[in-house]
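>>> Predicted structure and sequence below. I'll ask about it afterward.
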Amino acid sequence: MHPGGEVAAAAAAEEAGLTYTLSTISGHKLENVRAASKGPVWYQLYLVGGREVAEGAIDRARRAGFSALVVTIDTPVAGMRERDPRNGMKELLGGTLFSKLPFLPQMFRHPGWLVSFLLDGGVPKLENIVIPGKGPMSLIDVTAALSHAVVTWEDIRWLKRLWTGPIVVKGVLTADDAKRALDEGAAAIVVSNHGGRQLDGAPATLKVLPEVVAAVNGQAEVLMDGGVRRGSDIVKAICLGARAVLLGRAYAFGLAAAGKPGVTRALEILRDDVERTLRLLGCPSVSALNSSYLNIPAHW
């Protein structure tokens with residue numbers, strides 16, 4: 001999307017007073033992302049590469065000053081993302097020059113992006129997935145590696161022994177899983193369907209949020225992501241009991257368009273829309289939001 005990547009996004013998040021969460025699958029070293037923000041930064045863990053690789057990354061995250069570990073539990077295998085084959089993702093990331101030929105016209109229509117991509121060194125290695133004896137994993141190898149990265153409840157117990165800070169369990173869509181995450185020591189839960197990119201037909205996160213909030217019953221913080229594109233989406237989530245939301249695509253669009261200033265602008269748009277929505281609701285503050293501000297159908 002942009003050479004600045006997660007480093008630029010983390011810096012913009014700090015300026016906006018927000019927490020930044022760094023995915024394991026990143027083209028920038030976690031130490032560099034941590035250094036870009038003086039605010040809170042969390043590390044989102046995938047068990048790609050196995051436990052030994054994860055242990056190395058967790059140790060690095062601890063020493064770098066990451067304040068929470070976010071464990072993604074809903075990606076035992078990559079979903080069927082049909083847009084990727086259509087756009088030539090496999091060929092462009094790791095194919096031969098011949099296999100790239102059908103997609104070259106798309107690239108040449110964006111010469112500025114192409115130049116910055118090439119000057120940045122092309123497709124980056126995954127600096128936070130360091131395979132012993134081999135070095136950083138190639139991005140093209142992630143899909144296959146995910147099929148060997150299933151997270152179980154035993155893994156959460158193992159991570160509790162490794163990580164002394166709070167653990168956030170991301171990818172919960174049912175009350176039962178929320179309760180189990182609490183039993184395993186989660187400090188917070190993210191109600192998430194992975195942006196709708198995993199299981200086709202998975203429920204909308206906003207719809208299952210109330211049952212998870214009820215199941216948690218104040219024992220941990222409940223966060224939500226998936227489909228947050230407007231400030232009014234944030235307001236709806238908070239009305240239904242979320243402490244906060246996580247943003248993915250919304251800031252990524254800004255990053256792709258203009259790097260750090262683009263992320264800053266995306267966050268400004270969302271913040272302005274939250275304030276506008278509060279004013280239109282006649283609500284004095286975010287802390288005063290509750291379900292009375294929503295018109296929820298009886299069958300919902």
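Cool, got the structure.

>>> Any regions of the protein where pLDDT drops low?
297-300 (pLDDT under 70).

>>> Spell out for me which residue occupies the centre of it.
With distances taken as C-alpha atoms, centre = their mean, residue 248 lies nearest the centre of the chain, 5.6 Å away.

>>> In stretch 247-262, which residues are buried?
Neighbour-count burial for stretch 247-262, with 16 or more other C-beta atoms under 10 Å as criterion, is recorded at 247-248, 250-255, 258-260, 262. Where you see a C-beta, it was placed from the backbone N, CA and C, and this is true even at glycine.

>>> swap in stretch 86-95?
88-89, 91-93.

>>> cool, stretch 78-85 as well?
78-79.

>>> do the same with stretch 150-168
Going by 16+ other C-beta under 10 Å, stretch 150-168 has these buried residues: 151, 155-156, 159, 163, 166-168.

>>> before we move on, what about stretch 106-118?
Neighbour-count burial for stretch 106-118 [16+ other C-beta under 10 Å]: residue 117.

>>> And stretch 267-275, by the same measure?
267, 270, 273-274.

>>> Return it as CSV; C-alpha atoms alone will do.
Extracted C-alpha coordinates of stretch 267-275, given in CSV (Å, rounded to 0.1, in the frame of the first residue of the first chain):
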residue,chain,number,x,y,z
LEU,A,267,-8.9,9.3,11.6
GLU,A,268,-10.0,13.0,11.4
ILE,A,269,-13.0,12.0,9.3
LEU,A,270,-14.0,9.3,11.8
ARG,A,271,-13.6,11.6,14.8
ASP,A,272,-15.6,14.4,13.2
ASP,A,273,-18.4,11.9,12.3
VAL,A,274,-18.5,10.6,15.9
GLU,A,275,-18.9,14.1,17.2
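
>>> Show me what it is in contact with.
By C-beta atoms under 8 Å, 6 or more residues apart in numbering, the residues outside stretch 267-275 that reach it are 12-13, 16, 18, 230-232, 234-235, 247, 250-251, 254, 286.

>>> For residue 250, give its distance to residue 265.
Residue 250 is 11 Å from residue 265, where distance means C-beta to C-beta, to the nearest Å.

>>> Residue 294 now?
Applying C-beta to C-beta to residue 294 and residue 265 gives a distance of 29 Å.

>>> more neighbours, those two?
Neighbour tally, residue 294 and residue 265, criterion other C-beta atoms under 10 Å: the higher count belongs to residue 265, 16 against 13.

>>> Could you find the closest non-adjacent residue to the more buried one?
Excluding the flanking residues, the one nearest residue 265 by C-beta to C-beta, 6 or more residues apart in numbering is residue 254, at 5.6 Å.

>>> okay, the one helix or strand that neighbour maps to in PDB with CA atoms only?
Assigned by DSSP states H and E, residue 254 falls within helix 249-258. Below are the C-alpha coordinates for helix 249-258, written out as PDB (Å, rounded to 0.1, in the frame of the first residue of the first chain):
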ATOM      1  CA  ARG A 249      -9.600  -1.000   6.200                       C
ATOM      2  CA  ALA A 250     -10.700   2.500   7.100                       C
ATOM      3  CA  TYR A 251      -7.200   3.600   8.000                       C
ATOM      4  CA  ALA A 252      -5.600   1.400   5.300                       C
ATOM      5  CA  PHE A 253      -7.400   3.300   2.600                       C
ATOM      6  CA  GLY A 254      -5.900   6.600   3.900                       C
ATOM      7  CA  LEU A 255      -2.400   4.900   4.100                       C
ATOM      8  CA  ALA A 256      -2.600   3.700   0.500                       C
ATOM      9  CA  ALA A 257      -3.700   7.200  -0.700                       C
ATOM     10  CA  ALA A 258      -1.100   9.400   1.100                       C
END
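
>>> Show me what that helix is packed against.
For helix 249-258, the elements it packs on are helix 5-15, helix 260-281, judged by 3 or more C-beta pairs under 8 Å, 6 or more residues apart in numbering; DSSP states H and E.

>>> rerun at 6 Å
helix 260-281 (3 or more C-beta pairs under 6 Å, 6 or more residues apart in numbering; DSSP states H and E).

>>> sorry, back to before: can the buried residues of stretch 247-262 go into TSV with extra columns for distance to residue 7?
Below are the buried residues of stretch 247-262 laid out as TSV (distance: C-beta to C-beta, whole Å):
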residue	distance to residue 7
247	17
248	17
250	19
251	13
252	14
253	18
254	15
255	11
258	15
259	10
260	9
262	14
